[in-house]
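Sequence plus the predicted model coming up.
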Amino acid sequence: MNKAEIIQKTVGYVKETLAGDSAGHDWYHIERVWKNALLIGRGEQADMFVVELAALLHDIADHKFHGGDTEIGPRTALAWLEKLEVEEAIVSHVVEIIRSLSFKGANVPTPMRTLEGMIVQDADRLDAIGAIGIARAFAYGGYKGRMLYDPKMPPEAHDSFDAYKSSNTATINHFYEKLLLLKDRMNTETAKKLAAGRHAHMQAFLDQFYAEWEGRA
Ligand code: ADP
Ligand code: NI
């Protein structure tokens, strides 16, 4: 199978697997991350086959929906790529990227070893901020039955992935615990520029939110 066929088959597999998701990992999230990755990758000397496969498969199975099993994503991607008989070095690179991708808390570093990984991480994080990021956060909070905001609950900076994962606070806290931190954790220049605009949009949203909450607007 050539590379284009592998990409096409993977698109079909991902669409089928994620059909019906409404908690932030539907096919359109994957498609946006894929497009972001292609855009960011254009200015870099990266192996775009690895970038595309990792972008397409990065949320194929999420620990949040599989009892906290953080290996479920890498394992599912590995099985798929082996089935397609993708070259071993490419498979292990894609799986490594998927394993290292996620945000794990304000005080937990999430280093990426390769340029390809940095591109996919940036692409995924761009989709967690800005107008779409706001929409996804509230969709996820609703799915989890969380409050929009609770002024009595201050946000926390998590020191471990476990502490971050088990946090169950109001959705507004998620902005301080993750979303507003992402612009300074972008790897590539292209993503840094895009993130700045999206960050400003979230900041304006929060200002307006508090103004309405307090009856000032
Ligand atoms: P990503 O696909 O960007 O790696 P995640 O898998 O961590 O993101 O989460 C999916 C979406 O749900 C993201 O937009 C993320 O910001 C949002 N989300 C994750 N955890 C929370 C939370 N505790 N409260 C609100 N939104 C959340
Ligand atoms: Ni994602």
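Structure's in. What do you need? Ligands and ions are numbered 1, 2, ... in the order given.

If you tally nearby residues, what's the number for the closest residue to residue 154 other than its chain neighbours?
Excluding its sequence neighbours, the residue lying closest to residue 154 (C-beta to C-beta, 6 or more residues apart in numbering) is residue 173, at 7.8 Å. For glycine as for every other residue, the C-beta is placed from the backbone atoms N, C-alpha and C. When neighbours are counted by other C-beta atoms under 10 Å, residue 173 registers 21.

residues touching residue 173, list them.
153, 154, 155, 156, 167 (C-beta atoms under 8 Å, 6 or more residues apart in numbering).

out of those residues, which is most surrounded?
Busiest of the contacts of residue 173 [other C-beta under 10 Å] is residue 155, holding 17 neighbours.

hang on, that one packs against residue 179?
No. Here residue 155 lies out of contact with residue 179, judged by C-beta atoms under 8 Å, at a distance of 10.8 Å.

give me the element residue 148 is part of.
Assigned by DSSP states H and E, residue 148 falls within no helix or strand.

Could you pull up phi and psi at it?
phi -60, psi -50 (degrees, to the nearest 10).

List the contacts of it.
138, 141, 170, 171, 172.

Please, which helix or strand holds the second one?
Of the helices and strands defined by DSSP H and E, residue 141 is found in helix 130-143.

pLDDT averaged over the helix or strand containing residue 79, what's the number?
Assigned by DSSP H and E, residue 79 belongs to helix 72-83. Helix 72-83 comes out with an average pLDDT of 97.
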